[in-house]
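Trainee: what's the 3D shape of this:
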Amino acid sequence: MDSGLRRNDIEVLENNVTLYAILDPKPGRAALPAAIPEQFSWLAVILPPVFLLRHGLWLELVFFVLAVTALVLAAAVIGDDAAFLLYLLGALWLGFAASSLRRAGLRRGGWSERGPHVAASADLAQLEALS
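Mentor: All right, here's what the predicted structure looks like:
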């Protein structure tokens with residue numbers, strides 16, 4: 001009996017999955033579970049304040065603003081090129097730490113971590129978390 005999927009289709013599906021962290025909302029709160037992908041975030045690297053605002057990471061945004069202010073003030077001592085390279089290094093770190101920061105922000109808001117889940121998209125991970 002043919003299932004409709006060819007071997008190549010299955011290989012493509014297996015190669016296009018991501019690990020998601022599933023977090024459940026605070027008890028009594030009417031919200032769907034959150035599915036946070038464990039992957040690098042280009043938005044966090046290119047536009048850090050937008051990424052932080054989009055995900056409600058206010059504490060991290062305050063820290064980011066303070067760090068950029070410190071780099072601007074330190075540029076007079078360490079040089080503009082060094083300050084810019086330190087900024088790029090910090091933005092790159094933020095891209096790698098994006099999923100961890102999002103999970104920490106949700107846990108501060110009372111969400112509980114259920115565990116990891118592998119799925120092809122965040123919607124599928126969320127749907128499977130509901131069942």
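
Trainee: List the contacts of residue 50.
Mentor: Residue 50 makes contacts with residue 43, as judged by Cβ atoms under 8 Å, 6 or more residues apart in numbering. Glycine gets a C-beta too; all of them are placed from N, C-alpha and C.

Trainee: Phi and psi next, for it.
Mentor: Here is the backbone geometry of residue 50 (degrees, to the nearest 10): phi -70, psi -40.

Trainee: and residue 94, what is it in contact with?
Mentor: Residue 94 touches 41, 44-45, 48, 51, 64, 101, counting by Cβ under 8 Å, 6+ apart.

Trainee: Per-residue pLDDT of it, please?
Mentor: With respect to pLDDT, residue 94 has a value of 97.

Trainee: all strands of the protein, in order?
Mentor: 18-24, 34-37, 112-119 (DSSP state E).

Trainee: Between which two of the contacts of residue 94 is the distance greatest?
Mentor: Spatial extent of the contacts of residue 94 (Cβ to Cβ) is set by the pair 41 and 64 at 14.0 Å.
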